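Q: One predicted model, sequence on top.
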Amino acid sequence: MIVNRPFRQGDLIRRVSRHTLPEWAGEIGCRTWSQYLLKFIVSHPAVTCAIPATTRVDHLRENMGALHGPLPDAALRERMARHVRDL
């Protein structure tokens with residue numbers, strides 16, 4: 001499954017960025033919300049590719065940071081989802 005434009009033209013990032021990234025996000029190498037969300041997306045077992053579709057180099061570099069650190073397992077994915085739901 002390909003996830004195309006998961007940030008909905010930045011709307012999702014704007015919505016969550018009003019809140020502080022959870023401290024435990026660093027455990028999987030996330031420094032930003034885009035990295036947090038991309039790791040969540042690509043760690044889903046059905047997903048084979050995510051296409052954030054940015055035109056900005058700084059956003060590309062930030063998104064590429066999601067490549068570092070481990071992907072979340074099922075338990076951490078649930079914790080991540082719960083955290084975003086509770087925002």
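A: Thanks, I have it.
Q: Please enumerate the helices of the protein.
A: Under the criterion DSSP state H, the chain contains helices at 11-16, 33-42, 57-64, 74-85.
Q: And those: which comes nearest residue 50?
A: Taking CB to CB as the criterion, helix 33-42 is the member of the helices of the chain that comes nearest to residue 50, at 5.0 Å. Quick note: C-beta positions are derived from backbone N, CA and C, even for glycine.
Q: helices or strands up against that closest one?
A: Contacts defined by 3 or more CB pairs under 8 Å, 6 or more residues apart in numbering; DSSP states H and E place helix 33-42 against helix 11-16, strand 49-51, helix 57-64, helix 74-85.
Q: Also compute the angle for it relative to helix 74-85, please.
A: Here the directions of helix 33-42 and helix 74-85 differ by 130 degrees (axes from the mean of the first three to the mean of the last three CA atoms, to 10 degrees).
Q: can you tell me which of the helices and strands packed on helix 33-42 comes nearest to residue 24?
A: When the helices and strands packed on helix 33-42 are ranked by proximity to residue 24 (CB to CB), helix 74-85 comes first, at 7.8 Å.
Q: Counting neighbours, what do you get for residue 21?
A: Neighbour count for residue 21, taken as other CB atoms under 10 Å: 16.
Q: swap in residue 68?
A: The number of residues near residue 68, taken as other CB under 10 Å, comes to 12.
Q: gap between it and residue 61?
A: Distance, residue 68 to residue 61, using CB to CB, to the nearest Å: 12 Å.
Q: what's the answer for residue 26, then?
A: Taken as CB to CB, the span from residue 26 to residue 61 is 18 Å.
Q: follow-up on the earlier one: what would the helices of the chain look like in TSV with distance to residue 5, mean neighbour count and mean pLDDT?
A: Below are the helices of the chain laid out as TSV (distance: least, CB to CB, whole Å; neighbours: other CB atoms under 10 Å; pLDDT from 0 to 100):
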stretch	distance to residue 5	mean neighbour count	mean pLDDT
helix 11-16	10	14	91
helix 33-42	11	22	96
helix 57-64	12	13	93
helix 74-85	18	13	96
